[in-house]
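Undergrad: Sequence and predicted structure below; questions after.
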Amino acid sequence: MLDIKFVRENPEIVKENIRKKFQDEKIPFVDEVITNDQKRRETQVKIDESRKKRNDLSSQIGVLMRDGKKEEAEKVKSQVNEINEELIHLEELEEELASQIKEKMMIIPNIMDDSVPIGKDDSENVEIEKFGEPFVPDFEIPYHAEICEALNGLDKDSAGRTSGNGFYYLMGDIARLHSAMLSYARDFMIDKGFTYCVPPFMIRSDVVNGVMSFSEMENMMYKIENEDLYLIGTSEHSMIGKFKGQIVKEEELPITLTSYSPCFRKEVGAHGIEERGLYRVHQFEKQEMVVLCKPEEAMDWYNKMWQFTVEFFRNLDVPVRTLECCSGDLADLKVKSCDVEAWSPRQQKYFEVGSCSTLGDAQARRLGIKAKGENGNYLVSTLNNTVLATPRGLIAVIENNYQKDGSILIPKALQPYMGGKEKIELN
């Protein structure tokens, strides 16, 4: 969410930013916000003046009563009552205007970084760099679900009976490989100096509204019936929410955290065959990284964070590339974002395995997260990035390490987490 003062002083910048995101229907909201903000401030002035007048009059009542001027005192009391009635109306108006302003401010997009490419949707995202040489073997690689089933590692039929579409059972060495990747991701980030956390897997609506847009929430989040609780779609939600309403000491910045959680998502919409296996599911596990820092340090941390994900997958023998998200594909709270995509030798193309974002002070403003500096308090910048989301990451490792005989080579980095095992083979 933007600073209302910035919107007042820079309406054309805000409108142009909306145009670049191809959300022209939101342009009228800018003038609406500015008009209502002017009315709200004028109303607040009237409230302050009325309260002062009421206090001045109230102080006269006791003096008049003491001096035996009861009739005059009653007249002053009547004036005070009239002011109280007026104040009720003014305060209701101020509250209504504030609510209308907040409603629109919550859906006006954050100002993007100047480096963000302009494009309507994800088809216009821009490749930045490739890491590792994409390789296509001289033998056919089966669909990842078929590979896992052949190794007795996947049972979607049983999951369909217990839970429905979008769920799965992982078993045996495939399940162990899945867990090994998460354990390695945890230790990888600890070695980078991040503090390991396991957060709550449910959060309240005020936290949800603080970390994401309403449209994202509707499309992603599962709500607990009759409770003000939502299942998290990523541990970023809990980790940023941890600091809600807090003032941290400037010397504690940057705060660097890496968190594990299961994640739950509706994944609304129809999807193609490539997403029917383990690619797009309602439940998965994730190792995330979250950073709170000074505003001037945010872009440096952004560049460090996506590079960590690249390094992680290269350690697992997976070629990857980075893709700059264009303006139309950038979520409204984000200043800048890039995806890390893994190579699929079966499809002979890349697919997303992680996303890194810097959100400026948007989440901090919504949640009231500040740092205490020498010159006063200020809003921190927040960033998040996927280390590993799996089973999607599992697919990348399986395909890039699949052998002609149907076995899967286990990357050296994961072998200590697999009891020294070097290969998953057919029974």
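TA: Thanks, I have the structure now.
Undergrad: contacts, neighbours, all on C-alpha from now
TA: Will do.
Undergrad: where do the helices sit along the stretch 301-427 of the chain?
TA: In the stretch 301-427 of the chain, the helices defined using DSSP state H, counting those that start in this stretch lie at 362-367, 392-400.
Undergrad: List the buried residues in stretch 280-300.
TA: By neighbour count on 16 or more other Cα atoms under 10 Å, the buried set for stretch 280-300 is 280-294, 298-299.
Undergrad: how about it as CSV, C-alpha atoms only?
TA: Output of stretch 280-300 as CSV, limited to C-alpha atoms (Å, rounded to 0.1, in the frame of the first residue of the first chain):
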residue,chain,number,x,y,z
ARG,A,280,0.3,-28.0,-9.4
VAL,A,281,-1.2,-29.4,-6.2
HIS,A,282,-3.2,-28.2,-3.2
GLN,A,283,-0.6,-29.2,-0.7
PHE,A,284,3.2,-29.0,-0.8
GLU,A,285,6.2,-28.1,1.3
LYS,A,286,8.5,-25.2,1.1
GLN,A,287,11.7,-23.7,2.4
GLU,A,288,11.4,-19.9,2.2
MET,A,289,13.7,-17.0,2.9
VAL,A,290,12.5,-13.7,4.3
VAL,A,291,14.4,-10.4,4.8
LEU,A,292,13.5,-7.2,6.7
CYS,A,293,16.0,-4.5,6.0
LYS,A,294,16.7,-0.7,5.5
PRO,A,295,15.0,0.6,2.4
GLU,A,296,18.4,1.5,0.8
GLU,A,297,19.6,-2.1,1.2
ALA,A,298,16.6,-3.8,-0.4
MET,A,299,17.9,-4.1,-3.9
ASP,A,300,21.2,-5.6,-2.8
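Undergrad: and that stretch, average pLDDT?
TA: What stretch 280-300 shows for mean pLDDT is 96.
Undergrad: cool, and stretch 71-88?
TA: Stretch 71-88 comes out at a mean pLDDT of 90.
Undergrad: CA-only coordinates of that stretch in PDB, if you can.
TA: Extracted in PDB, the C-alpha atoms of stretch 71-88 (Å, rounded to 0.1, in the frame of the first residue of the first chain):
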ATOM      1  CA  GLU A  71     -29.600  29.500  33.900                       C
ATOM      2  CA  GLU A  72     -26.500  30.500  31.900                       C
ATOM      3  CA  ALA A  73     -24.900  27.200  32.900                       C
ATOM      4  CA  GLU A  74     -27.900  25.300  31.400                       C
ATOM      5  CA  LYS A  75     -27.500  27.300  28.200                       C
ATOM      6  CA  VAL A  76     -23.800  26.300  28.000                       C
ATOM      7  CA  LYS A  77     -24.800  22.700  28.700                       C
ATOM      8  CA  SER A  78     -27.200  22.800  25.800                       C
ATOM      9  CA  GLN A  79     -24.500  24.100  23.500                       C
ATOM     10  CA  VAL A  80     -22.200  21.300  24.600                       C
ATOM     11  CA  ASN A  81     -24.900  18.800  23.800                       C
ATOM     12  CA  GLU A  82     -25.300  20.300  20.400                       C
ATOM     13  CA  ILE A  83     -21.600  20.000  19.800                       C
ATOM     14  CA  ASN A  84     -21.600  16.400  21.000                       C
ATOM     15  CA  GLU A  85     -24.400  15.600  18.500                       C
ATOM     16  CA  GLU A  86     -22.400  17.300  15.700                       C
ATOM     17  CA  LEU A  87     -19.300  15.400  16.700                       C
ATOM     18  CA  ILE A  88     -21.000  12.100  16.400                       C
END
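Undergrad: Can you check the distance spanned by stretch 8-27, start to finish?
TA: One end of stretch 8-27 to the other measures 14 Å (Cα to Cα, to the nearest Å).
Undergrad: in that stretch, what counts as buried?
TA: Arg8, Val14, Lys15, Asn17, Ile18, Arg19, Lys20, Lys21, Phe22, Ile27.
Undergrad: swap in stretch 300-308?
TA: In stretch 300-308, counting by 16+ other Cα under 10 Å, buried: Trp301, Tyr302, Met305, Trp306, Phe308.
Undergrad: One more: stretch 376-385?
TA: Buried, per 16+ other Cα under 10 Å, within stretch 376-385: Tyr378, Leu379, Val380, Ser381, Thr382, Leu383, Asn384, Asn385.
Undergrad: now, among the buried residues of stretch 300-308, which is nearest to Lys192?
TA: Using Cα to Cα, Phe308 comes nearest to Lys192 of the buried residues of stretch 300-308, at 8.6 Å.
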